[in-house]
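J.: Any chance you could fold what I've pasted below:
(2 chains)
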Amino acid sequence: MGVSSFISAKLAAVTTVTMLSLSAAPHMAHADECIAPSNPGGGWDFTCRTIGRILSELDLVDGNVQITNMPGGVGAVTYAMVDAERSDDEGLIVATSTVGVTQIAQGRYPSGIDTMRYLGMLGADVGVIAVAADSEYETLAELNEAMVADASSVVTAGSSGAGGWDHIRLLMVAREAGLEDLTALRWVQFDGGTDAVTQMMGGQLDVVSTDLGEIAGFVESGDIRILAALSTDPIPAFPEIPTAISQGIDVTGYNWRGLYTGGNVSDEAYNAWVEKLETLYNSDEWQTAAVEFGLVPIWIGGAEFEAYVREQEQVMAGISRDIGIIE
Amino acid sequence: MEILTSLGLGFSVAVQPLHLALLLFGCFAGTLIGAMPGLGPVNGVAILIPLTFAFGFDATASLILLSAVYFGCMYGGRISSILLNIPGDEPAVMTTLDGYPMAQKGQAANALAISGVASFVGATVAIVGLTLFAPLLARAAIYFGPADYFALYVMAFATIGGLAGVDPRKTLLSALIGLMIATIGLDPATGIPRYTGGSFDLYDGIDPIVALVGLFAISELMFLLEKTIKDRDTAIKLDTWIPDLKVVFGTGWATVRGSVVGFVAGVLPGAGASLGAVMSYSIEKQVSNKNGSFGKGDPKGVAAPEAGNNSASAGALIPMLSLGVPGSGTTAVMLAMLISLNVQPGPLLFERQPDLVWGLVASLYMANVMLLVLNLPLIGLFTRLMAVPTWALMPLVVAISFIGVYSISNSTFDLYIMIAFGVLGYVLRKLDITLVPLVLGLLLGADMENNLRRALSISGGDYGVLIASWISIALYIATAAFLALSVWLALRDKKRAADAS
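T.: Okay, here's the model as predicted:
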């Protein structure tokens, strides 16, 4: 209850200042803006609203950050607009995540990764491999053995379609374990991690690959067992869950949350944003807000992040080709 | 009694002044939002979420407010269905079928009273069900696999046949158009764009709300334009302002049947209030349509779907709270809000935050009484709305439609889609093709397809999976029995008509 009131109070503050900034907008020449390429309520919306609020609380921007929702095409509508109209707008940042990179890797955005300048990631949801509490698979090794021996005997599922991030990171684990024909593994799409877990508890599925955040309640209640967390270090909230790396499978699968800006923004403005975001990342405000939203705070910024995004796109494109999602 | 202790705790939470005020405001705002074409419970709840954040309400207060709005919408949706022949929200589609003809016959006051009482009974049945069976029912519902859901959707489509269509071929055509439109957008299973013509605006598919407003409100405007030229006198004369209690209580059994059917549809994850209303109406039509009065203003055709959609909306809270799986579109939005307030619905919620769960349940009992009081005395006011000439009312309806649709995603593209559907609706209605099966295809099509594909993914392409569980077999048997009954009744009617002549 205390925690909820705390967030609510903060959100109240940001909503109020957003309204003030809207009314003051005509008088301000260059109000900074964060576009969430989705409807209110999702992860991208959270990224913009929380970062916008903390940026102004820490006085890293003049006045307030205006939040705009621009849904459409899983971020493609915003991507096209920024490319065509605002590629040199130094006051614009746009929320993105692993989902955006997946879309780019599969050619579903109007232009490629080089069109934008990627600023940094500030937190991530950690991918996990889960089975029902009464499953025959006790460890990741047992599951891997079964998948490699007869891939079609294991029914897997998650919150994305075939070729989505939940699917791809499971395939990365399976490939690392020695599975060659990735198309042999059965994949079932659900609209959310909770839906998939519920079906698994009902006995329809064997394995669920998805973000831990949404299904944490089922872990606490003992309904499901997590075989592996796809992170470099154990998750602070669940230190007893072993990582895949500790079990000899060198795979990480973060669903990171970050931001990009237009492709023609000057180096000076780009570096200024990276610096501001790093300051924000190190603030208590962000560390608290991220954990409350179920994220693990992680910072990668600037040139290092640009390289990270490109490498991730390559991995995704490769697996997408292997399973026939793209040619 | 453990349940009574829990309810006692719930009422102690619910009677806090802030919660009571939110409840009253939510009921009033919900009825208003539900009554406005295009602004359904999903939008209503979505629009109010920023408000709960702005005022810094905690999860319990927010959930009480949003649930009151949700329930209010279910009451309010019937008002425009009956008075304007435009469903205020998706679940109220069925109420237009007999509600509007009743209003045309000068029985608007009766139709509104019947639907108000039916809403109250339906919601009460479901809230009692929620109280008693929440953990139990949710545990049973998780045994529904994709193949079972598919069987359920097949059943839903089979029941449309007995709905409003005079010509079964036209009903089928209408349903198929709806199903086809439902495939537009990114394919959820593979992410491949289908029928988008390269437009990113179509990646997310056609929003059913946008289509619905176009089909019903905009096409209605076109009919009005046409009528104005031919015939200016379209206002309906009212015989009475006060409902006839005999008519109202004559629908008792229809209300009870609708409540039970709606509750079952609501508890099933994803099915929601629309299916609850459809199934309640179809079943009531099969039970009570002795002399072909359904579709021509039968009071039972108003009572059953209203009881059904209200009881489904309360039932939909069961899987949302106890499993974290939304039972309807609106509960999905509420779930998103809870997660953003750091409340994780799921098996543990009842143990960890009993004040939230039981505070909500107790609030629902109170909201339902408030809504009945708000909605019965207000009937006079709403029937007076009918006295406003259509030429004065329609521009307002169209303005509200445009604002409502634009407020969903702030996209002008949605406005074009709405107008396109308005033209489609006008053309189909001119061809005497009923629009309800189209809407159902549009609403249920995506889920039906997803569940079929999930079932086939699980089995590796073996169609045998569709009849592998006793749940799906039972549903198919029920569907077959339903169809057989429909055919038998139709043949009997035909024979009687032949004998009479």
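
J.: The stretch 201-327 of chain A: strands as residue ranges?
T.: Here the stretch 201-327 of chain A has its strands, by DSSP state E, counting those that start in this stretch, at A:207-211, A:224-229, A:254-262, A:296-301.

J.: Please parse chain A into its domains.
T.: Taking automatic domain parsing as the criterion, chain A consists of the domains A:2-124+A:255-321, A:125-253.

J.: Of all the ones you listed, which one is nearest B:N309?
T.: Across the domains of chain A, B:N309 has its closest neighbour in domain A:125-253 (22.5 Å, C-beta to C-beta). Where you see a C-beta, it was placed from the backbone N, CA and C, and this is true even at glycine.

J.: From the opening residue of the closest one to its closing one, how far?
T.: 9 Å (C-alpha to C-alpha, to the nearest Å).

J.: coming back round to it: include mean pLDDT, distance to B:Y463 and mean neighbour count when you put the domains of chain A into CSV, please.
T.: Formatted as CSV, the domains of chain A follow (pLDDT from 0 to 100; distance: least, C-beta to C-beta, whole Å; neighbours: other C-beta atoms under 10 Å in any protein chain shown):
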stretch, mean pLDDT, distance to B:Y463, mean neighbour count
domain A:2-124+A:255-321, 84, 28, 19
domain A:125-253, 91, 15, 20
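
J.: can you list the ones you listed in JSON lines and add distance to B:P91?
T.: Listed next are the domains of chain A as JSON lines, based on distance: least, C-beta to C-beta, whole Å:
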{"stretch": "domain A:2-124+A:255-321", "distance to B:P91": "21"}
{"stretch": "domain A:125-253", "distance to B:P91": "20"}
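
J.: Which one of those domains lies nearest to B:R169?
T.: Closest approach to B:R169 among the domains of chain A (C-beta to C-beta): domain A:125-253, 33.8 Å.

J.: Output the strands of the stretch 201-327 of chain A as TSV; include the columns distance to A:G123.
T.: As requested, the strands of the stretch 201-327 of chain A are exported to TSV (distance: least, C-beta to C-beta, whole Å):
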stretch	distance to A:G123
strand A:207-211	12
strand A:224-229	16
strand A:254-262	5
strand A:296-301	5
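
J.: Identify the residues contacting the residue nearest to A:D181 when sequence neighbours are not counted.
T.: Excluding the flanking residues, the one nearest A:D181 by C-beta to C-beta, 6 or more residues apart in numbering or on different chains is A:A151, at 6.7 Å. Listed by C-beta atoms under 8 Å, 6 or more residues apart in numbering or on different chains, the contact set of A:A151 reads A:174, A:179, A:181, A:184-186.

J.: In helices, which of these fall?
T.: Among the contacts of A:A151, the ones falling in helices (DSSP state H) are A:A174.

J.: Could you pull out the helices in the stretch 51-200 of chain A for me?
T.: In the stretch 51-200 of chain A, the helices defined using DSSP state H, counting those that start in this stretch lie at A:76-85, A:98-105, A:140-149, A:165-177, A:193-201.

J.: With distance to B:A14 as added columns, please give those helices in JSON lines.
T.: Listed next are those as JSON lines, based on distance: least, C-beta to C-beta, whole Å:
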{"stretch": "helix A:76-85", "distance to B:A14": "42"}
{"stretch": "helix A:98-105", "distance to B:A14": "39"}
{"stretch": "helix A:140-149", "distance to B:A14": "47"}
{"stretch": "helix A:165-177", "distance to B:A14": "39"}
{"stretch": "helix A:193-201", "distance to B:A14": "27"}
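
J.: Compare the ones you listed and give me the one nearest B:I433.
T.: That would be helix A:76-85 among these, by C-beta to C-beta, at 33.3 Å.

J.: export that closest one as CSV, just CAs?
T.: Provided in CSV are the C-alpha atoms of helix A:76-85 (Å, rounded to 0.1, in the frame of the first residue of the first chain):
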residue,chain,number,x,y,z
ALA,A,76,6.9,1.8,-37.3
VAL,A,77,4.7,4.8,-37.6
THR,A,78,6.9,6.8,-35.2
TYR,A,79,10.1,5.5,-36.9
ALA,A,80,8.8,6.7,-40.3
MET,A,81,7.7,10.1,-38.9
VAL,A,82,11.0,10.8,-37.1
ASP,A,83,13.0,9.8,-40.2
ALA,A,84,10.9,11.9,-42.6
GLU,A,85,10.2,15.0,-40.5
